[in-house]
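A.B. asks: Structure of the sequence below:
(one chain, ligands or ions: 2)
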Amino acid sequence: MPPPERKNLTEPEAKEFIRRYGITTPRGAVVSALEGAVEKANTLGYPIVLKVVSRDILHKSEVGGVESGLKNETALRQAWTEMLMNIADKAAEARVEGFLIEEMAPAGLETIVGGFRDEKFGGVVMFGVGGVWVEAIKDVSYALAPVSQAEALEMMKELKGWPILCGWRAEQYDIEAVKEAIVKISSVISETEIRELEINPLIVYKSGVMAVDARVAF
Ligand SMILES: Nc1ncnc2c1ncn2[C@@H]1O[C@H](COP(=O)(O)OP(=O)(O)OP(=O)(O)O)[C@@H](O)[C@H]1O
Ligand SMILES: [Mg+2]
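C.D. replies: Residues are numbered from 1 along each chain as shown. Ligands and ions are numbered 1, 2, ... in the order given. Okay, here's the model as predicted:
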(Lines give C-alpha, C1' and ligand atoms only; values in the text may rest on other atoms or scores of the structure.)
(Ligands and ions follow the chains in the order given, each with its own letter.)
Protein backbone atom coordinates (compact mmCIF):
# COMPACT_ATOMS: atom_id res chain seq x y z
CA MET A 1 0.00 0.00 0.00
CA PRO A 2 1.48 3.41 -0.91
CA PRO A 3 2.05 5.76 2.04
CA PRO A 4 -0.79 8.27 2.58
CA GLU A 5 -0.23 11.52 0.72
CA ARG A 6 1.27 14.34 2.78
CA LYS A 7 -0.56 17.59 3.06
CA ASN A 8 1.43 20.69 3.94
CA LEU A 9 -0.17 23.81 5.32
CA THR A 10 1.14 27.11 4.03
CA GLU A 11 3.08 29.27 6.50
CA PRO A 12 0.10 31.60 7.28
CA GLU A 13 -2.15 28.54 7.79
CA ALA A 14 0.44 26.91 10.05
CA LYS A 15 0.77 30.14 12.03
CA GLU A 16 -3.00 30.40 12.43
CA PHE A 17 -2.97 26.83 13.69
CA ILE A 18 -0.29 27.41 16.35
CA ARG A 19 -1.91 30.70 17.44
CA ARG A 20 -4.90 28.61 18.52
CA TYR A 21 -2.55 26.89 20.94
CA GLY A 22 -1.48 30.23 22.35
CA ILE A 23 1.81 30.71 20.52
CA THR A 24 2.44 34.30 19.42
CA THR A 25 3.26 35.07 15.77
CA PRO A 26 4.06 38.37 14.02
CA ARG A 27 1.08 40.41 12.75
CA GLY A 28 0.62 40.07 9.02
CA ALA A 29 -1.65 39.35 6.07
CA VAL A 30 -1.66 37.49 2.78
CA VAL A 31 -1.91 39.63 -0.34
CA SER A 32 -2.03 38.74 -4.01
CA ALA A 33 -0.99 41.97 -5.70
CA LEU A 34 1.64 44.66 -5.14
CA GLU A 35 -0.86 47.42 -4.41
CA GLY A 36 -2.42 45.29 -1.68
CA ALA A 37 1.07 44.67 -0.29
CA VAL A 38 1.81 48.41 -0.16
CA GLU A 39 -1.52 49.09 1.55
CA LYS A 40 -0.94 46.37 4.14
CA ALA A 41 2.63 47.53 4.80
CA ASN A 42 1.33 51.03 5.50
CA THR A 43 -1.10 49.64 8.06
CA LEU A 44 1.55 47.48 9.75
CA GLY A 45 4.29 50.09 9.55
CA TYR A 46 7.84 49.59 8.24
CA PRO A 47 10.17 47.72 8.47
CA ILE A 48 8.32 44.69 7.11
CA VAL A 49 9.03 41.21 5.75
CA LEU A 50 7.80 39.86 2.42
CA LYS A 51 7.50 36.07 1.95
CA VAL A 52 6.17 33.81 -0.75
CA VAL A 53 3.16 31.65 0.23
CA SER A 54 3.21 28.22 -1.35
CA ARG A 55 2.58 24.76 0.05
CA ASP A 56 5.05 23.46 -2.55
CA ILE A 57 7.96 25.52 -1.18
CA LEU A 58 9.26 24.14 2.11
CA HIS A 59 12.35 26.33 2.40
CA LYS A 60 11.43 29.77 1.18
CA SER A 61 14.85 31.43 1.50
CA GLU A 62 16.40 28.76 -0.72
CA VAL A 63 14.36 30.05 -3.66
CA GLY A 64 14.66 33.75 -2.85
CA GLY A 65 11.22 33.79 -1.23
CA VAL A 66 12.05 35.79 1.92
CA GLU A 67 12.97 39.50 1.97
CA SER A 68 13.27 40.91 5.47
CA GLY A 69 13.99 44.35 6.87
CA LEU A 70 12.22 46.26 4.07
CA LYS A 71 12.38 49.85 5.27
CA ASN A 72 10.01 51.69 2.97
CA GLU A 73 7.69 51.45 -0.04
CA THR A 74 10.54 51.72 -2.54
CA ALA A 75 12.31 48.75 -0.93
CA LEU A 76 9.05 46.79 -0.89
CA ARG A 77 8.36 47.43 -4.59
CA GLN A 78 11.87 46.39 -5.51
CA ALA A 79 11.76 43.25 -3.32
CA TRP A 80 8.40 42.30 -4.87
CA THR A 81 9.81 42.41 -8.41
CA GLU A 82 12.92 40.50 -7.39
CA MET A 83 10.89 37.85 -5.61
CA LEU A 84 8.68 37.24 -8.64
CA MET A 85 11.81 36.73 -10.74
CA ASN A 86 13.41 34.46 -8.13
CA ILE A 87 10.34 32.23 -7.93
CA ALA A 88 9.96 32.06 -11.71
CA ASP A 89 13.62 31.09 -11.89
CA LYS A 90 14.01 28.70 -8.94
CA ALA A 91 10.51 27.35 -8.23
CA ALA A 92 8.70 27.61 -11.53
CA GLU A 93 6.52 24.56 -10.81
CA ALA A 94 5.34 25.73 -7.36
CA ARG A 95 1.74 26.81 -6.88
CA VAL A 96 1.99 30.32 -5.45
CA GLU A 97 -1.02 31.24 -3.31
CA GLY A 98 0.03 34.77 -2.50
CA PHE A 99 2.56 36.74 -0.49
CA LEU A 100 2.79 37.26 3.22
CA ILE A 101 3.42 40.79 4.48
CA GLU A 102 4.53 40.63 8.05
CA GLU A 103 5.87 42.89 10.77
CA MET A 104 9.58 42.45 11.60
CA ALA A 105 10.05 40.57 14.84
CA PRO A 106 12.72 42.21 17.02
CA ALA A 107 16.07 40.41 17.30
CA GLY A 108 16.38 37.83 20.07
CA LEU A 109 17.69 34.31 20.57
CA GLU A 110 16.69 32.01 17.70
CA THR A 111 15.56 28.55 18.78
CA ILE A 112 13.68 25.72 17.12
CA VAL A 113 10.74 23.70 18.45
CA GLY A 114 9.30 20.79 16.54
CA GLY A 115 7.42 17.59 16.73
CA PHE A 116 6.80 14.53 14.61
CA ARG A 117 5.16 11.15 14.74
CA ASP A 118 7.54 8.23 14.81
CA GLU A 119 6.18 4.83 13.70
CA LYS A 120 7.83 3.07 16.59
CA PHE A 121 7.74 5.64 19.38
CA GLY A 122 4.67 7.73 18.56
CA GLY A 123 4.78 11.48 19.20
CA VAL A 124 8.21 13.03 19.63
CA VAL A 125 8.99 16.65 20.53
CA MET A 126 12.30 18.36 19.81
CA PHE A 127 13.98 21.55 20.89
CA GLY A 128 17.22 23.24 19.84
CA VAL A 129 19.09 26.51 20.10
CA GLY A 130 20.59 28.22 17.12
CA GLY A 131 17.83 28.88 14.58
CA VAL A 132 19.23 28.51 11.09
CA TRP A 133 22.49 27.08 12.48
CA VAL A 134 20.73 24.29 14.33
CA GLU A 135 21.15 21.87 11.42
CA ALA A 136 24.84 22.65 11.20
CA ILE A 137 25.66 22.27 14.89
CA LYS A 138 23.04 19.57 15.68
CA ASP A 139 22.42 20.86 19.20
CA VAL A 140 18.93 19.41 19.67
CA SER A 141 17.20 17.32 22.28
CA TYR A 142 14.24 14.96 21.89
CA ALA A 143 11.58 13.56 24.22
CA LEU A 144 8.45 11.47 23.90
CA ALA A 145 5.30 13.61 23.71
CA PRO A 146 3.53 14.87 25.70
CA VAL A 147 6.08 16.36 28.08
CA SER A 148 5.50 18.00 31.46
CA GLN A 149 6.97 21.40 32.33
CA ALA A 150 9.75 19.63 34.26
CA GLU A 151 10.58 17.40 31.27
CA ALA A 152 10.61 20.42 28.96
CA LEU A 153 13.15 22.06 31.28
CA GLU A 154 15.27 18.88 31.18
CA MET A 155 15.25 19.04 27.37
CA MET A 156 16.64 22.56 27.55
CA LYS A 157 19.29 21.62 30.08
CA GLU A 158 20.55 18.78 27.87
CA LEU A 159 21.69 21.25 25.22
CA LYS A 160 25.20 22.54 24.79
CA GLY A 161 23.48 25.87 24.26
CA TRP A 162 21.86 25.83 27.73
CA PRO A 163 24.26 28.49 29.09
CA ILE A 164 23.19 30.77 26.24
CA LEU A 165 19.52 30.33 27.18
CA CYS A 166 20.38 31.03 30.81
CA GLY A 167 21.76 34.39 29.84
CA TRP A 168 25.17 34.89 28.37
CA ARG A 169 26.80 38.29 28.68
CA ALA A 170 23.88 39.72 30.61
CA GLU A 171 21.35 38.86 27.88
CA GLN A 172 18.19 37.56 29.51
CA TYR A 173 15.76 35.09 28.04
CA ASP A 174 12.30 34.00 29.10
CA ILE A 175 12.95 30.34 30.03
CA GLU A 176 9.37 29.97 31.32
CA ALA A 177 7.91 30.98 27.95
CA VAL A 178 10.18 28.53 26.10
CA LYS A 179 9.17 25.77 28.48
CA GLU A 180 5.50 26.50 27.84
CA ALA A 181 6.03 26.50 24.07
CA ILE A 182 7.70 23.05 24.23
CA VAL A 183 4.84 21.70 26.37
CA LYS A 184 2.22 23.13 23.99
CA ILE A 185 3.88 21.72 20.88
CA SER A 186 4.26 18.34 22.56
CA SER A 187 0.54 18.28 23.31
CA VAL A 188 -0.31 19.28 19.72
CA ILE A 189 1.72 16.29 18.54
CA SER A 190 0.10 13.87 20.95
CA GLU A 191 -3.48 15.14 20.59
CA THR A 192 -3.81 15.81 16.86
CA GLU A 193 -3.33 14.03 13.55
CA ILE A 194 -0.34 16.19 12.65
CA ARG A 195 2.62 14.24 11.28
CA GLU A 196 5.17 16.98 11.53
CA LEU A 197 5.37 20.47 12.96
CA GLU A 198 8.32 22.84 13.07
CA ILE A 199 8.71 26.36 14.41
CA ASN A 200 12.04 27.63 13.08
CA PRO A 201 12.83 30.13 14.39
CA LEU A 202 11.02 30.57 17.66
CA ILE A 203 12.61 33.83 18.79
CA VAL A 204 13.11 34.15 22.54
CA TYR A 205 13.06 37.52 24.30
CA LYS A 206 13.57 38.84 27.78
CA SER A 207 9.81 38.54 28.01
CA GLY A 208 7.95 36.07 25.79
CA VAL A 209 8.64 34.18 22.57
CA MET A 210 7.50 34.61 18.96
CA ALA A 211 7.08 32.03 16.19
CA VAL A 212 8.52 33.70 13.10
CA ASP A 213 8.18 30.68 10.80
CA ALA A 214 5.99 27.60 11.09
CA ARG A 215 5.53 24.45 9.06
CA VAL A 216 2.79 21.86 9.56
CA ALA A 217 2.28 18.60 7.65
CA PHE A 218 -0.65 16.20 8.02
N1 LIG B 1 8.68 38.37 10.62
C2 LIG B 1 10.00 38.24 10.72
N3 LIG B 1 10.70 39.07 11.54
C4 LIG B 1 12.05 38.97 11.66
N5 LIG B 1 12.79 38.08 11.00
C6 LIG B 1 12.16 37.23 10.16
C7 LIG B 1 10.74 37.27 9.98
N8 LIG B 1 10.41 36.31 9.10
C9 LIG B 1 11.56 35.71 8.76
N10 LIG B 1 12.62 36.25 9.38
C11 LIG B 1 14.04 35.83 9.25
O12 LIG B 1 14.25 35.24 7.99
C13 LIG B 1 14.65 33.88 8.13
C14 LIG B 1 13.99 33.03 7.03
O15 LIG B 1 12.59 33.12 7.12
P16 LIG B 1 11.69 31.81 7.28
O17 LIG B 1 12.17 31.03 8.44
O18 LIG B 1 10.27 32.23 7.30
O19 LIG B 1 12.00 31.09 5.89
P20 LIG B 1 12.45 29.64 5.43
O21 LIG B 1 13.54 29.82 4.47
O22 LIG B 1 11.27 28.93 4.92
O23 LIG B 1 12.96 28.89 6.71
P24 LIG B 1 13.57 27.41 6.87
O25 LIG B 1 14.99 27.68 7.27
O26 LIG B 1 12.75 26.86 8.00
O27 LIG B 1 13.43 26.67 5.63
C28 LIG B 1 14.21 33.48 9.55
O29 LIG B 1 15.00 32.44 10.05
C30 LIG B 1 14.36 34.77 10.32
O31 LIG B 1 15.70 34.94 10.73
MG1 LIG C 1 12.28 29.05 8.83
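A.B. asks: For residue 170, give me the pLDDT.
C.D. replies: Looking at residue 170, its pLDDT is 71.
A.B. asks: What's the local residue count around it?
C.D. replies: For residue 170, the count of nearby residues is 5 (other Cβ atoms under 10 Å). Placement of C-beta: from N, CA and C, glycine included.
A.B. asks: try residue 189
C.D. replies: Neighbours of residue 189 (other Cβ under 10 Å): 25.
A.B. asks: ok, now how distant is it from residue 46?
C.D. replies: Applying Cβ to Cβ, to the nearest Å, the value for residue 189 to residue 46 is 37 Å.
A.B. asks: The helix or strand containing residue 86 vs ligand 1: in contact?
C.D. replies: Assigned by DSSP states H and E, residue 86 belongs to helix 73-90. No - Helix 73-90 lies apart from ligand 1 when judged by Cβ under 6 Å from any ligand atom; the minimum separation is 12.2 Å.
A.B. asks: Quick one: mean pLDDT over that helix.
C.D. replies: 98.
A.B. asks: In it, which residues are buried?
C.D. replies: For helix 73-90, a neighbour-count test (16 or more other Cβ atoms under 10 Å) marks 75, 76, 79, 80, 83, 86, 87 as buried.
A.B. asks: what's that helix packed up against?
C.D. replies: helix 34-44, strand 48-53, strand 66-70 (3 or more Cβ pairs under 8 Å, 6 or more residues apart in numbering; DSSP states H and E).
A.B. asks: Tell me who's in contact with whatever residue of the chain ends up closest to ligand 2.
C.D. replies: Proximity of the chain to ligand 2 (Cβ to the ion) peaks at residue 213, 3.3 Å away. Going by Cβ atoms under 8 Å, 6 or more residues apart in numbering, residue 213 touches 11, 199, 200, 201.
A.B. asks: What parts of the protein come near ligand 2?
C.D. replies: 200, 213 (Cβ under 5 Å from the ion).
A.B. asks: so where do the strands sit in the chain?
C.D. replies: Secondary structure of the chain (DSSP state E): strands located at 28-31, 48-53, 66-70, 98-103, 109-118, 122-129, 140-144, 196-204, 209-211, 214-217.
A.B. asks: How far does the fifth one sit from its chain's centre?
C.D. replies: With Cα atoms, centre = their mean, to the nearest Å as the basis, strand 109-118 stands 9 Å off its chain's centre.
A.B. asks: partners of it, with directions?
C.D. replies: strand 122-129 (antiparallel), strand 196-204 (antiparallel) (DSSP bridges).
A.B. asks: State the distance from residue 63 to residue 135.
C.D. replies: For residue 63, the distance to residue 135 - Cβ to Cβ - is 18 Å.
A.B. asks: now residue 43
C.D. replies: 35 Å.
A.B. asks: more crowded one of those two?
C.D. replies: residue 135 (12 against 9).
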